[in-house]
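> just the structure for this:
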Amino acid sequence: MIEMNDQTCGWIKSLPSRTNIQTISKNQNCDWIIIGAGYTGLSAARKISELHSDSKIVLIDAKLAGEGASGRNSGYLVDTTLNDGFTSNKDLRAYKKKASIYNEGIKAVRKFVKEYQTNCDWNECGKYFASSQIEDVKILEKFSKTLKGLNLAHEIIFEKDLKRRLGTSFYKAGLYTKGGILLNPAKLVRAMVEVLPNNVQLLENTQLIKWKKNNGQIECIFKDYKIVSKKIIFCTNGFLSSLGIKKNYNFPLVLTASMTKPLNDEQYKGLGEAKEWGVLPVRPMGATIRTTHDRRILIRNTAEVNKNFSLDHNVLNKRKKLHELGIKKRFPNLPINIIETTWSGVVCRSRNSSQLFEKIDEDIFAAGCYNGSGIGVGTLFGEQIAIKASNENSTEINLIEERIKPTWLPPQPFLDIGIKTRLLYERIRANVET
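As a prediction, this is how the structure comes out:
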């Protein structure tokens with residue numbers, strides 16, 4: 001069972017509470033039903049409305065719209081990734097296709113922000129991949145060759161420059177890319193909720209229990225009611241496999257993050273000349289850490305398998321201790337009790353770090369499995385899966401479908417054993433980076 005609307009996420013807590021929230025209250029029929037109201041589902045709903053203005057569209061979420069993974073991530077709109085899964089992209093052509101998808105994702109989000117004049121703390125400040133181990137410069141040099149092959153602007157930098165830019169002497173080597181964007185993910189997804197078209201009915205706190213195709217129609221069963229639709233689009237990302245969607249090709253992980261209180265003037269002055277920055281780890285399972293528009297520090301350094309998809313208060317407190325240690329390593333002058341909020345969220349992974357963009361059956365479509373890059377890719381895939389489900393095509397769809405598809409995963413219990421073993425290995429290897 002998915003835990004409903006816990007109030008732990010710092011991004012979400014900073015927003016005003018929404019009103020006029022509707023949940024399912026009767027049986028009904030519709031032309032389209034979209035499951036999942038995060039970046040992907042909200043973008044799909046907007047595009048379906050544009051293409052089918054006379055259709056009845058129902059958008060469903062088990063929680064409040066946008067308050068699942070979309071509002072809980074670290075706020076990186078990425079141009080490139082070094083560790084976006086458990087395998088590395090060694091083939092330049094394959095990585096070029098992936099980078100092209102990231103670029104189209106940035107375009108899709110930028111278009112939305114411009115069209116709707118969205119205030120989401122948009123900052124085109126780039127991002128860093130950094131390590132406290134100087135030997136990891138070999139990994140960065142290898143990555144630099146890939147980026148050079150794609151003509152992507154970047155630079156390798158070392159401890160002195162990193163300290164000047166980030167305000168910490170923790171990192172010994174880093175690679176900066178200019179194309180990354182930092183933003184407030186909860187503000188962005190809230191804006192997407194607020195501009196939903198009139199022919200989209202949003203039903204929240206409405207969990208799909210089971211679904212089936214019956215006599216050419218899609219029957220969705222909820223706790224007390226059902227909805228029958230002509231077409232369905234699954235946009236549930238980390239919950240795809242639990243709904244039976246390509247379950248041998250994707251799996252969920254639970255990540256945990258913490259955010260500090262706003263830093264005072266003295267504390268903030270010590271964060272280097274770049275007043276907002278984001279660092280991604282060179283080693284998988286290392287810490288993701290960034291500063292925010294309102295002078296906070298966010299850190300994420302845990303990932304685990306959890307069948308309940310959420311962590312209780314006691315477990316969150318244990319993860320918070322790890323976050324406190326991670327901040328103390330980097331900023332020893334900050335007080336130990338500076339963390340204000342700690343929360344968990346679900347991401348979706350595939351074995352080879354590729355995404356799902358599928359026509360499952362006639363009238364059944366799915367998009368997800370973003371391997372931690374859901375802001376841009378999720379927005380892009382939502383729009384494009386709506387076009388595909390409308391039996392139309394686009395240059396973006398052609399690009400997406402040229403990607404390497406997700407590879408097959410072993411069945412349970414072997415899958416969980418393999419994931420846990422790999423996470424343990426990566427956690428040990430990245431211990432100094434947490």
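> for the stretch 151-300 of the chain, just list every one of the strands.
Secondary structure of the stretch 151-300 of the chain (DSSP state E, counting those that start in this stretch): strands at 154-158, 173-177, 181-182, 200-203, 210-214, 217-221, 226-234, 251-260, 278-281, 288-291, 297-304.
> now the ones you listed in a markdown table, with distance to Asp91?
From N, CA and C alone the C-beta is placed, and that goes for glycine too. Below are these laid out as a markdown table (distance: least, Cβ to Cβ, whole Å):
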| stretch | distance to Asp91 |
| --- | --- |
| strand 154-158 | 19 |
| strand 173-177 | 20 |
| strand 181-182 | 26 |
| strand 200-203 | 40 |
| strand 210-214 | 37 |
| strand 217-221 | 38 |
| strand 226-234 | 29 |
| strand 251-260 | 24 |
| strand 278-281 | 21 |
| strand 288-291 | 26 |
| strand 297-304 | 26 |
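> can you check which of the ones you listed gets nearest to Thr80?
Closest approach to Thr80 among these (Cβ to Cβ): strand 173-177, 5.5 Å.
> the closest one pairs with which strands?
Paired strands of strand 173-177, with direction, are strand 127-131 (antiparallel), strand 154-158 (antiparallel) (DSSP bridges).
> nearest spatial neighbour of Val346, chain-adjacent residues omitted?
Once flanking residues are discounted, Val346 sits nearest to Gly238: 3.5 Å by Cβ to Cβ, 6 or more residues apart in numbering.
> Ser394 too?
Ile387 (5.4 Å).
> for Ala69, same thing?
Gly345 is the one closest to Ala69 (Cβ to Cβ, 6+ apart), at 4.8 Å.
> and whatever helix or strand the one you found lives in, which strands flank it?
In the assignment (DSSP states H and E), Gly345 maps to strand 339-349. Strand 339-349 pairs in its sheet with strand 251-260 (antiparallel), by DSSP bridges.
> off-centre distance for the strand it pairs with?
Centroid separation between strand 251-260 and its chain, computed with Cα atoms, centre = their mean, to the nearest Å, is 10 Å.
> neighbours around Glu141, how many?
Residues contacting Glu141 under the criterion other Cβ atoms under 10 Å number 12.
> show me the contacts for it.
Contact analysis of Glu141 by Cβ atoms under 8 Å, 6 or more residues apart in numbering lists Ile156.
> now do the SS call for it.
helix (DSSP: H, G, I helix; E, B strand; the rest coil).
> need the pLDDT of the closest residue to Lys388 other than its chain neighbours.
In space, and not counting its chain neighbours, Lys388 is closest to Ile397: 5.8 Å by Cβ to Cβ, 6+ apart. With respect to pLDDT, Ile397 scores 98.
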